[in-house]
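J.: just need the structure, nothing else, for what follows:
(2 chains)
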Amino acid sequence: MERGLLAYILIPLLSAIVIPFAARNKPRIADIIANVTLLAGLANMAYLLLNPSNIAESFSNIPGDGFSLLMVFTIYLVALCVVFFSAFFAGPMANRQAYFCLMLISVAAMCGVVTTSDFFTLYIYIEVLAVTSFALITTDDTSAGLEGAIKYFLLTFPASVSIIVGLSLLLLSVGGFSFENVKMFMSAGSPDGAALFGIGLILLGFLIKAGVAPFHAWVPDAYQGSFAPVSTHLAGIVTKISGIYAIIRISMLMRFSEGEAQALAGTLMFLGMLSIAVGAIAALRQKDLKRMLAFSSISQLGYIVLAAGLGTPLALIAAIFHLFNHATFKTVLFLNSASLEKAAGTTDMDKMGGLEHAMPWTSWTSVIALLSTAGIPPLSGFWSKLLIIVALWAGGAKVYALLALLFSIVTLAYFMVMQKKIFFGKKSAAAGISEVSAPMLAPVVLMSAVIVAVGLLFPYFYAYLVETIAKRMIL
Amino acid sequence: MDQSHLNMSLTALQTAVAAPILGAFLIPFAGRISTAVRNILAVTLGLVTFIAAAYMLPDAMRGVIASYSISFPLGFDLILSADMLAVFMAAISSFVSAIILIYSVDYISHYENQTEYYTMVVLFLGSMMGLVFSANLLWMYVFWELTAFASWRLVGFFRSDRDVLKANKTFLVTVFGALCMLAGILLVYFDKGSMDMRLLHGESISILAASLILMGILAKSATLPFSTWLPDAGVAPSTVTALLHAAVLVKIGVYAYARIFGVTFAAPPEFSQAVLWIAGASALVSAGAALVEKDIKRIIAYSTVSQIAFIFLGLASGNKVAFIGGLLYILMHSIAKGGLFLCAGIIEQKTHNKDITKMGGLCKTMPVTCLAFAMCSLSVMGIPPFGGFFSKFMVFSGAAQNGSLSVILIFLAGAVMTLLYLFRLFYLVFMGPDKQDSPREGSTVMVASVLALGLIGLALGALIYYPSVYVDLLTNQLGVNLQ
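T.: The predicted structure is shown next:
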C-alpha cells in the first residue's frame, strides 16, 4: 500500500460517515459534501500529475507507482462528474443521503483496490465495491432496478467464489499474497500447475466481474436497469476497477510477454478479441441506447484485455491508456444517455429523433466521444488504439492486430446508427424537448475537453506512461 | 537572402495549416455575433489559406523547402514540409475551396445549419492543407480521417433519413479504406522503422503494404470498387457540398497516390500495372453510368469518377511525361469540374429540377451559364485550346510510350465516352425545345464565378507554359522510378 495515497481512501470514507449526521435535515448538504470531497481529491491529484515541472524532471518527482496514481485520478474524475451530475439530475429523492454516502464509499473502495499491493486486500476492497454497487443499483427502486441489482449480485457472486478459491491455491504454492511474492515466484522459473490454476481461477473471476465475453450477460441488464447516473458510474469506472485493473496487474506480474504461462496469456488474448467482436456486433442490433452503450463497453474492454494478454511493456501501457480513455468517453456517452432520458423520457432510440437542435451540447459531446471510441484521430481513443495495435503487431500477434484495427469500422457503424436515430433523424419526435440545464452539461463538457486535450497532448501522456509505469513496474 | 525566404515560407506554411484548422473552431462563436461576421470570417480564412499556399509557389520552385515539426514519441512526429508537390496541390485545392466559400455566401443562405456548414468547410480545408503538407505517413492518416469527418457532416447537411444514411455511407466507406491504409502504413513502419517520407524516399515497398494503402486511396478517390459513395454524396446534399467532394475531396486520393507511389516509394511494376487496370475499369464503368443517368449532378459525379481514372493513368504509368500530365490533369480537372458543378447548382436552383430529360432550351434564357458550361465541358473533354487538352494529351502520349496497348485502348474508349456523355448532357439541358417555363439567369455572384472558372480553363490552355514548367521541375526533382 502506498502510504501517501491512504488519504484518498480515508477522506471519502470520513465524508461518508459525516453525511448522515450533517445532512439529516437538509438533504442538499449531502450533495455539497460529496462534491467538495471529490473535487478536493481531484484537485490534489491533478496538481501532482499535471504539474508542468513534471516534464522537466521527466516525472522523477512522481512517487511510486504511476499506474495507481493514474487510476486514483481517473476514479476521482469520473466519480466527481457522476456525483455532480446526479446532484442536479435527481429531483426529490427518498434516500439522498444514502445515495451520496454510497458513492463516496464506492470511491474509497476503488481507491483501495488500486493502491493495495497484495491480492487478499484487493479482494476485500473488491467485495466492498461489489456490495456498494449492488446497493447503488437499487437506488432506482422500481422493479427494473431491483432486477438489475439481483442479476448483478447473482452473476458476480460466482466470480468472487472463483477468486477466493484461486487465492487459496496461490497461497499454497506461492506462500504469500503480496505482489512482490508473486513477482519473485515468477522470476524464479516456470510456475507449477497449481499456481497457474490458481491464477487462472483469479483471472476467471475478474473476467466475469469485468464483463468480458463470454461472461458479459449481466452487463447490459445491470446498466439498463439501474438509476441513470449509477449506470454511468458502473460503466465508466466501477467495472473497470473491479475487473480490468486486476487483469492488467496480473499480466504485469506474470510476465506474459516472456512466454510464461502461455496458455493463460493466449486465452486472455482470445477472450479479448472475442469480446471486441461480440460486443461490437451485438451493439449494432440494439434499440435501447443504454444497452447499446453497454455492448460498446464490452467491445472496448476487449481491446484492453487483448493488450493485457500480450503483456509487453508497450501493450501494458497501451492497455492502461485505453482504460483511462475508455473511462472518459464512456462517462460522456452514459451521462448523455441520462440527459436524454431526462429530456425525452426514454432511452429507446427508435422513439427519439431530430434532437440536434433541441440539445446541441449533448449532440456534439456525443459526437466527440463516439469518434474517440471509434478511434478517429486526433482524439484520445485513436492514440490508445494505435498503441495497442502497434504493440500487438510488434509482439507478433499480427492477425489480432489486423482484426482489432478492422473492428473499429463496426464501432463507427453502430455509433453512426445511434447518432442518426437520436440526433439527426426525423424532427417530429423532438417537439417540446429542450437541452438539460447547464450544471448537468458541465461534467460532460469537462470530459469531452479531457478527450480532446489528451488526444492533442499525447506526447505528454505517453511520456508519463513510459516513465512512471513501463520503466518502474515492468522492467 | 535564402534565410529570409525560408522564414517567410515557414510562416506561410504554418498559416496555411493552422489558420483554417484553428479558425474553423472560431466560426461557431462568430456565428453567435452575427451572420455577416461569420460569413466574412469564413471567406477570409479561405482566402488567407489560398494566399499563404500561393505565396510558397515561387519559393518552392527556387528550392526553398520550409518544414516544421513537432516531436511525438515512437516516430509519430508531426512533420509539415512544403515541397513542390505539396505546394502545388495546396494552391489548387485552397483556390477551389476559396471559390466555393465565396459562392456559398449566396447559395447556402437559404438553408438551415449554416454555421455547421461553414465550420466544416473551413475545417475540411484545414485538414486538407495538413494532409497535403504532412511528410509523416501517420499524420497523413490523421488528417485523412479529419477530412472524412468534415465530409461526413457536409454530406449529411440536409437531415432527412436518406441524406443522413448517405452521409454515414460516405463516412464508413472512406474510414474503412483509411483503416486498410493505416494497416499498410504500419506495415511500412515495421518494415522500414520510420514513417517519415523524406527518409523513405526511393525505398522499395512490399506489394501487400502497397495494396493496403491503395485501398484507402481508392476509397477516398471514389475509384472502383469503392466508387458508389461519390454519386450518392453528389445527390443528397447541396451543390456546393457536392462540388467540394468532386473537385477537392477525391483529389486527396490522387494526391496520396502521387505522394506515396510517385515521389516516395518505388512501387513494384506489377502493382502499377494492376492500378492501371483498376483505373481503366473505373473509367469505363463510370463513363457508362454517366451516359445513362438522368440526374444532372449524378452525371457530373460519375464523370468525376471517370476522370480520376485518367489521373491515375498518368501517375501510374511510370513515365515522366505521363506523370507531368497527371499532375496537370489535377489542376485542369479541379477548375473545369468546379465550373460544371457550379453551373449545375445554378440550373438546379432556377429550374427546381435535377432531371435532364425534363429540361431543354436553357441557352436562350441562361446564356452566360450556358457559355461557362460549354467551356468547362470542352476542357473536361480535352478539346484544344482548353487546358484539359494538354493534360489529357500528355497523359496519353506518356502512357503510350510505357503502357500496354490494351490499357491505352480502354482509356481511349473512356475519352470518347466522355465526349458523348458531356455532349448529351449539354444538348438535353441547353439545346432542343423548351420543356418548361423559361427560368431566369442566376444571380450575378454565381454567374460571375462560373464564368471565371470557364475563362480560367481557357487561360490555363493559353498559358500552359507556366504550370508545365513548374510540374516538369517537380517531376525531375522528386519523381521516383520514372522513365
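J.: low-scoring stretches of chain B, by residue?
T.: B:1-2, B:234-244, B:246, B:403, B:436-438 (pLDDT under 70).
J.: and the helices in the stretch 51-200 of chain A, which stretches?
T.: Assigned by DSSP state H, counting those that start in this stretch, the helices in the stretch 51-200 of chain A fall at A:53-56, A:66-89, A:96-115, A:119-137, A:143-174, A:179-187, A:193-210.
J.: please tabulate these in CSV and include distance to residue B:268 as additional columns.
T.: The C-beta positions use only the backbone N, C-alpha and C, and glycine is treated the same way. CSV is the format used below for the helices of the stretch 51-200 of chain A (distance: least, C-beta to C-beta, whole Å):
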stretch, distance to residue B:268
helix A:53-56, 44
helix A:66-89, 45
helix A:96-115, 51
helix A:119-137, 54
helix A:143-174, 53
helix A:179-187, 46
helix A:193-210, 45
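J.: wait, which of those is closest to residue B:350?
T.: Among these, the nearest to residue B:350 by C-beta to C-beta is helix A:66-89 (51.5 Å).
J.: helices or strands up against that closest one?
T.: In terms of contact count using 3 or more C-beta pairs under 8 Å, 6 or more residues apart in numbering or on different chains; DSSP states H and E, helix A:66-89 is assigned the packing partners helix A:28-50, helix A:96-115, helix A:228-233, helix A:245-254, helix A:313-344, helix A:438-456, helix A:458-465.
J.: before we move on, the earlier item: out of the helices of the stretch 51-200 of chain A, which is closest to residue B:108?
T.: That would be helix A:66-89 among these, by C-beta to C-beta, at 37.1 Å.
J.: determine the angle, from 0 to 180 degrees, between that closest one and helix A:438-456.
T.: With axes from the mean of the first three to the mean of the last three C-alpha atoms, to 10 degrees as the basis, helix A:66-89 and helix A:438-456 are set at 160 degrees to each other.
J.: what's the distance between residue B:399 and chain A?
T.: For residue B:399, the distance to chain A (C-beta to the nearest C-beta, to the nearest Å) stands at 35 Å.
J.: name the element that residue belongs to?
T.: Following DSSP states H and E, one finds residue B:399 within helix B:387-402.
J.: residue B:433 contacts residue B:360, correct?
T.: Yes - between residue B:433 and residue B:360 there is a contact under C-beta atoms under 8 Å: 5.5 Å.
J.: ok, of the helices of the stretch 51-200 of chain A, where does mean pLDDT dip lowest?
T.: Looking at the helices of the stretch 51-200 of chain A, the lowest mean pLDDT belongs to helix A:53-56 (a mean of 77).
J.: does that one reach chain B?
T.: No - using C-beta under 8 Å from any C-beta of the partner chain, helix A:53-56 stays clear of chain B, coming no nearer than 12.5 Å.
J.: list the contacts of that helix.
T.: Around helix A:53-56, the neighbours that count as contacts under C-beta atoms under 8 Å, 6 or more residues apart in numbering or on different chains are A:61, A:62, A:460, A:463, A:464.
J.: same thing with stretch A:161-175?
T.: With C-beta under 8 Å, 6+ apart, stretch A:161-175 has contacts from A:119-120, A:123, A:126, A:177, A:181-182, A:185, A:191-192, A:194-195, A:197-206, A:208.
J.: switch the cut-off to 7 Å
T.: Contact with stretch A:161-175 is made by A:119-120, A:123, A:177, A:181-182, A:185, A:192, A:194-195, A:197-199, A:201-202, A:204-205, as judged by C-beta atoms under 7 Å, 6 or more residues apart in numbering or on different chains.
J.: give the buried subset of those residues as a PyMOL selection command.
T.: Only the buried entries of the contacts of stretch A:161-175 go into this PyMOL selection, using 16 or more other C-beta atoms under 10 Å in any protein chain shown:
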select buried, chain A and resi 119+123+177+181+182+185+195+197+198+199+201+202+204+205
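J.: for residue B:94, which three-state class applies?
T.: With DSSP: H, G, I helix; E, B strand; the rest coil as the basis, residue B:94 sits in helix.
J.: that one - how many residues pack around it?
T.: The tally of other residues near residue B:94 (other C-beta atoms under 10 Å in any protein chain shown) stands at 27.
J.: one more: residue A:128?
T.: With other C-beta under 10 Å as criterion, residue A:128 counts 17.
J.: which non-adjacent residue is nearest it?
T.: Of all residues not flanking residue A:128 in the chain, residue A:109 sits nearest, at 4.2 Å (C-beta to C-beta, 6 or more residues apart in numbering or on different chains).
J.: residues in contact with the residue of the stretch 101-250 of chain A found nearest chain B?
T.: Residue nearest to chain B within the stretch 101-250 of chain A: residue A:248 (20.5 Å; C-beta to the nearest C-beta). Residues near residue A:248 by C-beta under 7 Å, 6+ apart: A:308, A:316, A:319, A:320.
J.: coming back round to it: among the helices of the stretch 51-200 of chain A, which comes closest to residue B:425?
T.: Minimum separation from residue B:425 across those (C-beta to C-beta) falls at helix A:66-89, 56.3 Å.
J.: so for the closest one, what gets flagged as buried?
T.: Quick answer for helix A:66-89 (16+ other C-beta under 10 Å): A:66-89.
J.: what angle do it and helix A:245-254 make?
T.: If you take the same axes, to 10 degrees, helix A:66-89 sits at 180 degrees to helix A:245-254.
J.: using PDB, write out every CA atom in helix A:66-89.
T.: Only the C-alpha atoms of helix A:66-89 are listed here, as PDB (Å, rounded to 0.1, in the frame of the first residue of the first chain):
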ATOM      1  CA  GLY A  66       2.300   5.600 -11.900                       C
ATOM      2  CA  PHE A  67      -0.500   3.100 -12.600                       C
ATOM      3  CA  SER A  68      -2.100   3.500  -9.200                       C
ATOM      4  CA  LEU A  69      -1.800   7.300  -9.300                       C
ATOM      5  CA  LEU A  70      -3.400   7.500 -12.800                       C
ATOM      6  CA  MET A  71      -6.200   5.200 -11.600                       C
ATOM      7  CA  VAL A  72      -6.900   7.200  -8.500                       C
ATOM      8  CA  PHE A  73      -7.100  10.300 -10.700                       C
ATOM      9  CA  THR A  74      -9.500   8.500 -13.100                       C
ATOM     10  CA  ILE A  75     -11.700   7.400 -10.200                       C
ATOM     11  CA  TYR A  76     -12.000  10.800  -8.800                       C
ATOM     12  CA  LEU A  77     -12.600  12.400 -12.200                       C
ATOM     13  CA  VAL A  78     -15.400  10.000 -13.200                       C
ATOM     14  CA  ALA A  79     -16.900  10.000  -9.700                       C
ATOM     15  CA  LEU A  80     -16.900  13.800  -9.500                       C
ATOM     16  CA  CYS A  81     -18.600  14.000 -12.800                       C
ATOM     17  CA  VAL A  82     -21.200  11.500 -11.800                       C
ATOM     18  CA  VAL A  83     -21.800  13.000  -8.300                       C
ATOM     19  CA  PHE A  84     -22.100  16.500  -9.700                       C
ATOM     20  CA  PHE A  85     -24.400  15.300 -12.400                       C
ATOM     21  CA  SER A  86     -26.600  13.400 -10.100                       C
ATOM     22  CA  ALA A  87     -26.900  16.300  -7.700                       C
ATOM     23  CA  PHE A  88     -28.900  18.100 -10.400                       C
ATOM     24  CA  PHE A  89     -30.300  15.000 -12.200                       C
END
